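Colleague: after the sequence you'll find the predicted model.
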Amino acid sequence: MKIKDILLIGIFIVVSIHSNYAQEGLPIYSDYLTDNYYLIHPSMAGASQCSQVRLTGRRNWVGEEDTPGLFTAAYNGRINDQSAIGATAYNDKNGFFSQTGGYLTYAHHLMFSRSEVDLNMLSFGLSAGVIQYRLDQSSFIPNGDPLISSGSLSSAEFNIDFGMSYNLYNFYTHVTMKNVLENSGINSDLQPATNLRNLLVSVGYVFERGNKDWSFEPSLLYSYRDGVKQSSVDFNIKFYRNVSVGKIWGGLSYRTSLDDIDFVDGAELKTQKLNYITPFVGVNYGKYVFAYTYSYQSNPVTFNNGGFHQITLGIDFSCRKKRYACYCPAVN
C-alpha cells in the first residue's frame, strides 16, 4: 500500500471519529451547575420563580490554535401558573466540524402542595429543534479521492428532547432523554452518528445550616450515550453563602467515565477512563448572575494540558412575589 493511500485512510478515519462526536447535539459539560439546569433538562423551563436569560461561552485546550469552542444562549419563563416556555440557541465548533442548533421548549408544572409557598412540584418538558451540521473540507487534499471534495458538507436535522423533574422542598431529581430521533447527519453510515440518544439522570439535596447563611448541595448526574454505549457520572458539591446584595456560591465537580478506553503506550496496550475535575464559582448580584468554570482533564493521555474555560452571564426578571418556603436555589 502506498504512503499516499495510508494517509488518505488515516484522514478518513479521523474525519469519521470527529464527525461522530461533532454530531452529538448540544454537548453536556458543567453548565448546569452555574444556575442553568434548563440547558440540559427541558422540564426545568419556568421552574424558577423568575424568568431567566443565560449566556455561556466556553473555550477548550487554551494555548492551541483553532481549539473547540461553544456558545449558548437560553431563555425560560412562566406564561401562566402551570405552563412555561423556553428557547435555546447554540454554536459548537470543533476543528473542521461545527454545528448550530436552536430549540423551543414547552413545560408543564403540577403542584401537589398544601399551600402556594410549599414546594411539591412535578414537571414535564418537551423541546423540539433543528441542528445544522457542517464539515469544512476546503483545506483537505483530495488526491482524486471521491470521498473528499474541496467544498463543505452540511446537513440540517430535526430532533426532540423530553424529560421530567420532581422538586420537593430541598430535594430534586430530573430525568431527560436527549436527541430522541435518529439523525443522518453528515456520516449517515456510522451508527453512533445516527443514534445520538443521551439519557441524563440528576439527583440532589440542599442542606441548610442553622443560621441559613450557609448551605451546601451534593448532587449527581448520570449520562448514558446509547450510540456508543458509554456512561459517565458527575459527582458534585456546591456551597452557597447569602450576603446583603445576593448570593455567592461555588463548588467542585468530578466527572468520570464508567467505561475503559484502550490506547497504545509504546508496544503495550493500556486502558484509561475519561476524568474531568471542574471547580466553579459564581455570584447572584441582585437580578444578575456571573459565573466562571474551569475544567481540567486528569486522565494520563490527553490532547493538551491546557484547561477548559467557561464564562456564564445571566439575568432574572418578572419574578413572582411569593417565594417557596425552602432553601432550593434552582427554583427559588
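Modeller: Yep, that arrived.

Colleague: could you use CA atoms for every contact and neighbour count after this?
Modeller: Fine.

Colleague: pull out the buried positions in stretch 92-111.
Modeller: 92-94, 96-109, 111 (16 or more other CA atoms under 10 Å).

Colleague: next one: stretch 158-177
Modeller: By neighbour count on 16+ other CA under 10 Å, the buried set for stretch 158-177 is 158-177.

Colleague: now the one helix or strand Asn284 maps to: mean pLDDT?
Modeller: For Asn284, the host element (DSSP states H and E) is strand 275-285. For strand 275-285, mean pLDDT rounds to 95.

Colleague: how about stretch 88-96?
Modeller: For stretch 88-96, the mean pLDDT works out to 87.

Colleague: one more: stretch 157-167?
Modeller: Average pLDDT, stretch 157-167: 96.

Colleague: if we can go back for a sec, so what does the helix or strand following the strand holding Asn284 touch, helix or strand wise?
Modeller: Reading on from strand 275-285 to the C-terminus, the next helix or strand found by DSSP H and E is strand 288-297. If contacts are counted by 3 or more CA pairs under 8 Å, 6 or more residues apart in numbering; DSSP states H and E, strand 288-297 sits against strand 275-285, strand 308-317.

Colleague: nearest to Thr88, of those?
Modeller: Of all these, strand 308-317 sits nearest to Thr88, with 13.7 Å by CA to CA.

Colleague: quick one: the strands in the stretch 151-300 of the chain?
Modeller: With DSSP state E, counting those that start in this stretch, the ranges of strands along the stretch 151-300 of the chain come out as 152-168, 171-178, 198-205, 207-208, 214-225, 230-243, 246-257, 261-265, 268-272, 275-285, 288-297.

Colleague: by mean pLDDT, show me the worst of the ones you listed.
Modeller: For the strands of the stretch 151-300 of the chain, mean pLDDT drops lowest on strand 261-265, to a mean of 66.

Colleague: quick one on the thing from earlier: any chance of the helices and strands packed on strand 288-297 in TSV, plus distance to Tyr324 and mean neighbour count?
Modeller: Shown next, in TSV, are those (distance: least, CA to CA, whole Å; neighbours: other CA atoms under 10 Å):
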stretch	distance to Tyr324	mean neighbour count
strand 275-285	18	20
strand 308-317	16	19
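
Colleague: out of those strands, which is closest to Thr72?
Modeller: Evaluated over those, closeness to Thr72 peaks at strand 308-317, with 9.4 Å, by CA to CA.

Colleague: quick check: Val175 touching Tyr166?
Modeller: No - look at Val175 against Tyr166 with CA atoms under 8 Å: they stay out of range, at 9.1 Å.

Colleague: how long is stretch 184-197 end to end?
Modeller: One end of stretch 184-197 sits 13 Å from the other (CA to CA, to the nearest Å).

Colleague: got the helices and strands packed on strand 288-297 as a markdown table, with distance to Gly25 columns?
Modeller: A markdown table is the format used below for these (distance: least, CA to CA, whole Å):
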| stretch | distance to Gly25 |
| --- | --- |
| strand 275-285 | 20 |
| strand 308-317 | 18 |
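
Colleague: out of those, nearest to Ile79?
Modeller: strand 308-317 (13.2 Å).

Colleague: restricting to C-alpha, output that closest one in CSV.
Modeller: Below are the C-alpha coordinates for strand 308-317, written out as CSV (Å, rounded to 0.1, in the frame of the first residue of the first chain):
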residue,chain,number,x,y,z
PHE,A,308,-11.3,24.4,29.6
HIS,A,309,-12.5,27.9,30.5
GLN,A,310,-16.2,29.0,30.6
ILE,A,311,-18.0,32.2,31.4
THR,A,312,-21.7,32.4,32.3
LEU,A,313,-23.7,35.6,32.3
GLY,A,314,-27.4,35.8,33.3
ILE,A,315,-30.3,38.0,34.4
ASP,A,316,-33.5,37.2,36.3
PHE,A,317,-36.7,39.2,35.7
